[in-house]
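>>> I would like the atomic coordinates for the input below:
(chains A and B)
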Amino acid sequence: MHEFLHMGGYAAYVWSSYGIAALVLAANAIAPYVQLRAAKRRIKNQIVAESEV
Amino acid sequence: MMRWFHQLGSPPYFYAFSKRISAGFAVLALGLIAWGIYGGLVLAPPDYQQGDAFRIIYVHVPSAWMSLFIYTSMAGAGAIALIWRMKLAEIFIICAAPLGASFTFLALVTGSVWGKPMWGTWWVWDARLTSELILLFLYLGVIALNNAIEEPRAAARACALLALVGVVNVPIIHYSVEWWNTLHQGPTVTRFDKPAMDIDMLLPLLITAIGFTLMFVWLVLVRMRAEILNRDARSRWVKKAILE
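This next block holds a predicted model:
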C-alpha cells in the first residue's frame, strides 16, 4: 500500500494529476444538473406568474 | 433511418430522447473510467524509462483525445448548423464548448505536471503544447462569442462559424509532433503498425478514453436539455414537460 502511494518517487506528480482530473470531471458532471434545475425552476416560476395575471 | 434523424432534430422529441438515454451513458461512462483508472494505476506495470510517472498518461491522453474529438464534433455540428439551419446542431455547439474547454485545460495541466519530472520544465513553447493552448483559446472564444451576442440563434451561428474555421487547428495539433521537432513525444497509440505499448498498459488507456467519450455524450445530452428548456421556455410543450 505504501509503495502504491509512493509511486516510485513520483507521488506528488501522479497524485496531483489525478486530483485535478477528479476535480474537473466532478465539476463537469455536476454543472449540467445545476443548469437543468435552474431552467426548470425558472419556467415553473414563469408559469405561476402567468397564471396569476 | 432518415425519418428517425428528422424526428431527433425536433427539440421536444430530442428532449424526451435525451432524458431516456443519458442515465445509461452515465453508468457506462463512470464504470469504464473506474475500470480504466484502476487498470492504469494498479494493474499496469511501471514504464521501463519513466517508472510510475508514466501513469499520468491515463488522465492526460484521454483528456487530450477529448479536446480534439469535441472540437471536431463541434465543427461538424457547425457545418450542419450553417447549411441546414438545424436548431439542435446550434445547441450542441453551445453545450459542447464548456466541456471541450475543461478537457483541454485538463490535458494542458496534466501534461505540465508530467513534463516537470520528465523534461525538467512545466512548460515549453513547442508546437504540440502551443497548438493545444490555441485550442483552449478557441473553446473560450466560442463561449465568449455566445455570451456576447444577445439573440441566441445569431450567437449560435457565429459560434458555428468559429467552430468550423478553428477546426484547421485540429490536424495541426495531431501532426505537430511529426512536422516539427518537439519535446513532446511522438504518437504511441495511433500508429499504423502495432502500437508501441504493452497491452497491459494500452488496454486501460483505451478503456479510459472510451469512458471519457461516453461521459461527454452523457453530459452534453443533459446540457442540451437545459439549453432547450431555456430557448423554448415559452412553448406549450415545455410547460407540459415541466408540469408533468
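>>> where does chain B have low pLDDT?
B:1, B:5, B:189-196 (pLDDT under 70).
>>> now do the helices in it.
Under the criterion DSSP state H, helices of chain B are mapped to B:2-8, B:11-38, B:57-84, B:87-119, B:127-148, B:152-166, B:169-179, B:199-231, B:236-243.
>>> what parts of chain B come near chain A?
Near chain A, the residues belonging to chain B are B:33, B:37, B:41-42, B:46, B:51-53, B:55-56, B:59-60, B:63, B:98-99, B:102-103, B:105-106, B:109-110, B:113-114, B:116-117, B:215, B:219, B:222-223, B:225-227, B:229-230, B:233, B:238-239, B:242-243 when assessed by CB under 8 Å from any CB of the partner chain. All C-beta spots, glycine's among them, are computed from the backbone N, C-alpha and C.
>>> at 6 Å what do you get?
B:51-53, B:55-56, B:59, B:102, B:106, B:109-110, B:113, B:117, B:219, B:222-223, B:225-226, B:229-230, B:233, B:239, B:242 (CB under 6 Å from any CB of the partner chain).
>>> count of neighbours near residue 44?
No chain in the question, so chain A it is. 13 (other CB atoms under 10 Å in any protein chain shown).
>>> right idea, wrong chain: chain B
Residue B:44: 23 neighbours (other CB under 10 Å).
>>> packing partners of the top helix by length along chain A?
Ranked by residue count and defined by DSSP H, the top helix of chain A is helix A:11-52. In terms of contacts (3 or more CB pairs under 6 Å, 6 or more residues apart in numbering or on different chains; DSSP states H and E), helix A:11-52 is packed against helix B:87-119, helix B:199-231, helix B:236-243.
>>> quick check: angle from that helix to helix B:57-84?
Helix A:11-52 runs at 40 degrees relative to helix B:57-84, counting by axes from the mean of the first three to the mean of the last three CA atoms, to 10 degrees.
>>> now the angle from helix A:11-52 to helix B:199-231?
Counting by the same axes, to 10 degrees, helix A:11-52 lies at 20 degrees to helix B:199-231.
>>> now do helix A:11-52 and helix B:11-38, the angle between them.
Using the same axes, to 10 degrees: helix A:11-52 against helix B:11-38 is 160 degrees.
>>> so for helix A:11-52, what's the average pLDDT?
What helix A:11-52 shows for mean pLDDT is 93.
>>> picking that back up, which one, of the helices of chain B, ends up nearest to residue A:34?
Closest to residue A:34 of the helices of chain B is helix B:199-231 (CB to CB; 8.8 Å).
>>> Serialize the helices and strands packed on helix A:11-52 to JSON lines and add fields for distance to residue B:158.
Listed next are these as JSON lines, based on distance: least, CB to CB, whole Å:
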{"stretch": "helix B:87-119", "distance to residue B:158": "10"}
{"stretch": "helix B:199-231", "distance to residue B:158": "16"}
{"stretch": "helix B:236-243", "distance to residue B:158": "25"}
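>>> to residue B:125, which of those lies closest?
It's helix B:87-119; of these, that one is closest to residue B:125 (CB to CB) at 12.4 Å.
>>> distance-wise, check residue B:206 relative to chain A.
17 Å (CB to the nearest CB, to the nearest Å).
>>> oh, I was asking about residue B:135
In terms of CB to the nearest CB, residue B:135 sits 16 Å off from chain A.
>>> verify the stated contact: that residue with residue B:105.
No - at 10.3 Å, residue B:135 does not count as touching residue B:105 under the criterion of CB atoms under 6 Å.
>>> starting at the chain centroid, how far to stretch B:24-42?
17 Å (CA atoms, centre = their mean, to the nearest Å).
>>> can you give me the buried ones in that stretch?
Buried residues in stretch B:24-42, counting neighbours by 16 or more other CB atoms under 10 Å in any protein chain shown, are found at B:25-26, B:28-30, B:32-33, B:35-37, B:39-41.
>>> before we move on, what about stretch B:223-236?
Result for stretch B:223-236 [16+ other CB under 10 Å]: buried residues B:223-232.
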